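[1] what's the 3D shape of this:
(2 chains)
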Number of protein chains: 2
Amino acid sequence: MADRQTPGGQTAARPPHIVRRSIARLIRFAAAALGVSSLVTACTGLPAEPGAAVRGTGDLGVVIERATGRLQVVETTGMTSLGTIDGLGDLSHASVVFSRDGRYAFVFGRDGGLSRVDLLAQRITHRVKQAGNSIGGAILQGGKVVAAQNYAPGGIKLFDAGTLELLSEIPAIGPDGRRSKVVGLADLPGQRLAASLFEAGEIWIIDASDPRQPQVTRLPAGREPYDGLMTPDGRWYLAGLFGEDGLSLVDLWQTPPATRKVLSGYGRGETPLPVYKMPHLRGWAMAQGQAWLPAIGRHELLVADPARNWQEQARVAVAGQPVFAMARPDGRQVWVNFAFPKNDTVQVVDTATRQVVKTLTPCHGVLHMELTPKGEALWLSCRDDNRVEVYDTATFRRIATLTADQPSGIFFTVRAQRIGM
Amino acid sequence: MADRQTPGGQTAARPPHIVRRSIARLIRFAAAALGVSSLVTACTGLPAEPGAAVRGTGDLGVVIERATGRLQVVETTGMTSLGTIDGLGDLSHASVVFSRDGRYAFVFGRDGGLSRVDLLAQRITHRVKQAGNSIGGAILQGGKVVAAQNYAPGGIKLFDAGTLELLSEIPAIGPDGRRSKVVGLADLPGQRLAASLFEAGEIWIIDASDPRQPQVTRLPAGREPYDGLMTPDGRWYLAGLFGEDGLSLVDLWQTPPATRKVLSGYGRGETPLPVYKMPHLRGWAMAQGQAWLPAIGRHELLVADPARNWQEQARVAVAGQPVFAMARPDGRQVWVNFAFPKNDTVQVVDTATRQVVKTLTPCHGVLHMELTPKGEALWLSCRDDNRVEVYDTATFRRIATLTADQPSGIFFTVRAQRIGM
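    Here you go, the predicted structure:
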């Protein structure tokens, strides 16, 4: 087909651009013969993305299958699984952030592996082993830089979100010259990050406007910050303290930023309970302007009010030691799961009445929960029963069940649209 | 190519499946000749979504080109235009909501046309002429039902979001038996809607759990509600009143819901200014728990606090009669545009200090503004200068300019993830 008869009857090779044009015509003919007229556009125009699905990404999510190093891609409209992606390494305690277009998931494995996964093509596009022991990460506001927080060697690394090229490394060296474990990494407005240093007892505010030359502001935090939270408005960074009672708070609207202690007496004078599992602060909930915090070791949520100097406003008794306290996006409900032996239980608190309005015992080993973007449904992982369950948050009825191999974290692409997630 | 020689030398028509297979081979050959091996998969394998792009939808948006009945599809990562879609009718005062996966835009035209547009394939998939004069719409929490609010005939219609099949019609008949114009339609948590009836002076709360049998709760609102707003937490519905001073408020957490007046004296006793353009309440901003409202006819924003019975906390003087007051997602800034003759001006208020921190005069006829999901950039439409401009909200520098034909509304897919948008 690339040759033609000359007027004189001879066969002559065509120049390449004529060949391309002819082949495009041929494809158009073939498509027309197939009765797929618009195939023409697909086959002659952009783009060619073999094997990738054409679909919106606003309702996508991933479920971590921790034991098998696998990711399950799910969608929350039909509440189905779309496929699995293998080869992600050790995914115990893995966490995920998303590109701003919702197409790519960045998976931080416990073994220091950082993978960029294409949710539409269902494959790993890039993967680096960036540390020996890692605990999660963040994506900067503009979406161009991904940051990993590492235990060993303790520090933060910044990567190009398109290629996972290492842009810079920030060793977490405290005042005594030794490296700390980094926890509580979160993105702030303005291409910045906040993080906490466990051994050094510091909170760092990192300006990564130039990600090859990040600038660090060091603040004293108190003894052993073990996790941190950025409020969804990007104003307050809170670090939970393991080595003392209370939390360390930074008001990022203050110039220059400074730390202060809040809620410092919440367990004082009472017999401390043994701590079965540290609460995860990333799950702390803001609802109706107040913060709902899982108390360490106590069977309580604490309610604190940022507008009243973060003073304790109330305590709500719950079934066990809370791990995650997640607000429905409208703030009317807070969903809570628990440490062993109550890790078969989930409770729902009505934030208007501060009462537990529902106690569910869905399954064994409830590890994580995630709410849909507008909050009509909650997904939870049942590690020991190898499934994910979906609940209608209005009726508390189970509306779907998905099979998963020891599922832990559940992450939806809406996180790409939210500060500090 | 669809015929072949039989062994006996005759030409025989092939059965269709053989034809298809041959053509697939032909396409493969043609693609190989073009040196585009992956085209093969794209053209012969799944999925058959002709002409549609494989890409994430989290960074997509649309710009209304009002005079030409055209939509421009844009993306906010590279800040570029991806194409245009024609044939949408009268788009003056058009508004847009998005499917929960971010792939489809529902465009409400002033002429009553409702179109479902595929942003990935860049085409209209469904279109109905559903009223004579329409003013916008909403999509319910679950994403399965789209609602249109109509001036003529006054009422609300519910449509299947997948097919635009009419599910039910709610005529806006007030206590006197006459039809009203419907304004301020917004989605609430729990498959519900709120709307205001201009002539009837009512606020309606509509339970559309069964969209073929919606249930209406009617509340008295005051004289001539002209627009309404749902706070992002789904708790407060406010209607601005044209026929009297102040606003009508519903606390949707209250059982049964009831209306009350708030901010009723804000213009009293002073000489009213002529109103050049009604402020749009959909743009009202919540920042740090407070509501920032454009005052009607006055060169002021009002700050009201829901936690203090919606009392006025402050007024901020601005350059003209405000039209939209839009909060950056972190609440630190409120961006304001103005009615004629100040429609060449945009101001930025710092919500921490309540001061105007920047005055821009970007162009003539600034009609609308939209912030990126995490707030790093603001897009604005310059109707009279036929362009869209993008600003960095940290530096206030213009970072991109796009050509557009008399652009009005700008809408990003992140609206699909937010209550009341």
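[2] For A:Met369, what is the enclosing helix or strand?
    Assessed by DSSP states H and E, A:Met369 sits inside strand A:366-371.
[3] Okay, buried residues for the next helix-or-strand element following that strand please.
    Per DSSP H and E, the first helix or strand lying C-terminal to strand A:366-371 is strand A:377-382. Using 16 or more other Cβ atoms under 10 Å in any protein chain shown as the test for burial, strand A:377-382 gives A:377-382. Bear in mind the C-beta positions are built from the backbone N, C-alpha and C, glycine included.
[4] what is the rounded mean pLDDT of the strand holding A:Met369?
    Averaging the model's pLDDT scores along strand A:366-371 yields 96.
[5] Kindly report the same for stretch A:184-202.
    Here the average pLDDT along stretch A:184-202 is 95.
[6] Pretty sure A:Gly87 sits against A:Ile124.
    Yes - between A:Gly87 and A:Ile124 there is a contact under Cβ atoms under 8 Å: 6.3 Å.
[7] Give me the more crowded residue out of those two.
    Between A:Gly87 and A:Ile124, counted using other Cβ atoms under 10 Å in any protein chain shown, A:Ile124 has the larger neighbour count: 17 against 13.
[8] Quick one: classify the closest residue to A:Ala352 other than its chain neighbours as helix, strand or coil.
    Residue nearest to A:Ala352 in three dimensions, not counting chain neighbours: B:Trp253, with 5.3 Å by Cβ to Cβ, 6 or more residues apart in numbering or on different chains. The assignment at B:Trp253 comes out as coil when based on DSSP: H, G, I helix; E, B strand; the rest coil.
[9] Am I right that B:Trp253 is in contact with B:Tyr237?
    No - B:Trp253 sits out of contact with B:Tyr237 when judged by Cβ under 8 Å, with a separation of 11.1 Å.
[10] ok, these two, which is more surrounded?
    Using other Cβ under 10 Å, the more surrounded residue of B:Trp253 and B:Tyr237 is B:Tyr237, with 28 against 18.
[11] Can you tell me the SS state at A:Ala416?
    When classified by three-state DSSP, A:Ala416 comes out as helix.
[12] tell me the pLDDT at the closest residue to it other than its chain neighbours?
    Once flanking residues are discounted, A:Ala416 sits nearest to A:Phe98: 3.9 Å by Cβ to Cβ, 6+ apart. A:Phe98 carries a pLDDT value of 98.
[13] Please apply the same query to A:Gly240.
    Listed pLDDT for A:Gly240 reads 87.
[14] okay, now it: neighbour count?
    Neighbour tally, A:Gly240, other Cβ under 10 Å: 26.
[15] what's the answer for A:Gly289, then?
    Neighbour tally, A:Gly289, other Cβ under 10 Å: 16.
[16] and what of A:Gly177?
    A:Gly177 has 7 nearby residues by other Cβ under 10 Å.
[17] is it true that it lies in a strand?
    No - using three-state DSSP, the secondary structure at A:Gly177 is coil, not a strand.
[18] The strand holding A:Met369 near chain B anywhere?
    No - interface with chain B: strand A:366-371 contributes nothing (Cβ under 8 Å from any Cβ of the partner chain), its closest point being 11.2 Å away.
[19] which other residues reach that strand?
    A:61, A:283, A:324, A:326-329, A:335, A:337-338, A:343-346, A:377-383, A:393, A:407-412 (Cβ atoms under 8 Å, 6 or more residues apart in numbering or on different chains).
[20] Walk me through which strands it pairs with, and which way each runs.
    strand A:377-382 (antiparallel) (DSSP bridges).
[21] what does the stretch 251-400 of chain A put close to chain B?
    A:253, A:288-289, A:307, A:328-332, A:352, A:373-376, A:394.
[22] now with 10 Å?
    Proximity of the stretch 251-400 of chain A to chain B, by Cβ under 10 Å from any Cβ of the partner chain, involves residues A:252-254, A:286-290, A:305-307, A:327-333, A:350-353, A:372-377, A:392-395.
[23] Now which of these would you call buried?
    Using 16+ other Cβ under 10 Å, the buried members of these are A:252-253, A:286-290, A:305-306, A:327-333, A:351-352, A:372-377, A:393-394.
[24] Doesn't A:Arg212 belong to a helix?
    No - counting by three-state DSSP, one finds A:Arg212 to be coil, located in no helix.
[25] Let me know the distance separating it from chain B.
    Using Cβ to the nearest Cβ, to the nearest Å, A:Arg212 is found at 19 Å from chain B.
[26] Surely that residue touches A:Phe159?
    No - look at A:Arg212 against A:Phe159 with Cβ atoms under 10 Å: they stay out of range, at 11.4 Å.
[27] list residues touching both of these two?
    A:145, A:166-168 (Cβ atoms under 10 Å, 6 or more residues apart in numbering or on different chains).
[28] would JSON lines of those with pLDDT, neighbour count and secondary structure be doable?
    As requested, the shared contacts of A:Arg212 and A:Phe159 are exported to JSON lines (pLDDT from 0 to 100; neighbours: other Cβ atoms under 10 Å in any protein chain shown; DSSP: H, G, I helix; E, B strand; the rest coil):
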{"residue": "A:Val145", "pLDDT": "98", "neighbour count": "24", "secondary structure": "strand"}
{"residue": "A:Leu166", "pLDDT": "98", "neighbour count": "14", "secondary structure": "strand"}
{"residue": "A:Leu167", "pLDDT": "98", "neighbour count": "21", "secondary structure": "strand"}
{"residue": "A:Ser168", "pLDDT": "98", "neighbour count": "16", "secondary structure": "strand"}
